[in-house]
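> Need a 3D model of the sequence below.
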Amino acid sequence: MEAELINANDSLVTVLKNGTRKILRRDLRERFRFNREDLHRFSRQHPEILKKYKETLPAQAKPISDFDIELRQKYPREINLADLVSQLDGIKPGGSDAGKYHSAILGILQAIFYPSLANPKKEVPVDEGRKRIDITFDNAAESGFFSRIVHHHQVFAPYVLVECKNYSQDPENPEFDQLKGRFGRKRGNFGLLVCRRIDNPDLMLKRCKDIVNNSDQIILVLEDVDIRELIRLRNTRGEAGVTSYMQTKLNQILM
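Down below sits the predicted model:
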């Protein structure tokens, strides 16, 4: 702002004894009392300045993973995502263990997709309490699969909605319709339908393709086999492995 005003020979410009033209910072602050809206407007008008500012931020300013936080402790706990597989295997399909399955999936997905998915919430009431979403995540992805969903595939996804089905049989149209009914212009159009096993993968894939072909919505189905593989990939290859696996699942629907 100082440079712009000096070039415009603004009234705030002071000429020093050596001929240097200058504006006092206190005068700038007095004229430009930036609030959130002003900063947003300035960033849009001067994207190059925002870019330079981001480049000056130290690496420590970027969010670090739960695992890095744990490793910095004096006595770090052993971190092994594979333990989550045993937790999943201990839950039997059926209504009696639906609550256990629901809670387990929340923790497992949080471990797999952190930091892209943040702020998990369980049993979220929507539409004035008439409906509930099993799990919601804020889509905080700056890279990876959930960022590609938004920026590459152009899917509106400020949140990722999850429905958990602890069934011994394949989810059918009513389960897909239930998740589709949770989508909207505020919550977004991307969701995960998590179930125990898929006996008819061709029919399941067709249901997912029908949704993509007839709307701007996407539902990916994850069964126990997918969850185990995602845990393994997160434990061995990190976020890159998870992104590759999820993109392959999505490509099967889109192609």
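> Please make it C-alpha for all contacts and neighbour counts, starting now.
OK.
> What is the neighbour count of Lys22?
Lys22: 15 surrounding residues under other C-alpha atoms under 10 Å.
> Across the sheet, point out what pairs with it.
Legend: beta-bridge partners of Lys22 under DSSP bridges are Thr14.
> give the contact list for it.
Contacts for Lys22 (C-alpha atoms under 8 Å, 6 or more residues apart in numbering) come out as Ile6, Val13, Thr14, Val15, Leu16.
> Make sure Val194 is indeed in a strand.
Yes - with DSSP: H, G, I helix; E, B strand; the rest coil as the criterion, Val194 is part of a strand.
> Specify the beta-bridge partners of it.
Counting by DSSP bridges, the residues bridging with Val194 are Cys164, Leu222.
> Type out the PyMOL command that picks the buried ones from the contacts of Lys22.
Here is the PyMOL selection string for the buried members of those, based on 16 or more other C-alpha atoms under 10 Å:
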select buried, resi 6+13
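> Could you dump the contacts of Lys22 into CSV and include distance to Ser96 and pLDDT?
Output for the contacts of Lys22, formatted as CSV (distance: C-alpha to C-alpha, whole Å; pLDDT from 0 to 100):
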residue, distance to Ser96, pLDDT
Ile6, 73, 89
Val13, 75, 90
Thr14, 78, 88
Val15, 80, 88
Leu16, 81, 86
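> what's the closest of the contacts of Lys22 to Phe190?
Taking C-alpha to C-alpha as the measure, Phe190 sits nearest to Ile6 out of the contacts of Lys22, at 49.5 Å.
> Run through the neighbouring helices and strands of the helix or strand hosting the closest one.
Using DSSP states H and E, Ile6 sits within helix 2-7. Helix 2-7 sits against no helix or strand, with contacts defined as 3 or more C-alpha pairs under 8 Å, 6 or more residues apart in numbering; DSSP states H and E.
> can we see that at 10 Å?
Using 3 or more C-alpha pairs under 10 Å, 6 or more residues apart in numbering; DSSP states H and E as the contact test, the elements touching helix 2-7 are strand 21-22, helix 25-31.
> Pick the most buried one from these.
Counting by mean count of other C-alpha atoms under 10 Å, strand 21-22 has the highest mean neighbour count of these, with a mean of 14.
> Show me what the mean pLDDT comes to for it.
Averaging pLDDT along strand 21-22 gives 89.
> How far off centre is the helix or strand that contains Gln178?
In the assignment (DSSP H and E), Gln178 maps to helix 173-180. Chain-centre distance of helix 173-180: 22 Å, with C-alpha atoms, centre = their mean, to the nearest Å.
> about what we covered before: I'd like the helices and strands packed on helix 2-7 as CSV, with distance to Asn251 appended.
Converted to CSV, the helices and strands packed on helix 2-7 look like this (distance: least, C-alpha to C-alpha, whole Å):
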stretch, distance to Asn251
strand 21-22, 58
helix 25-31, 52
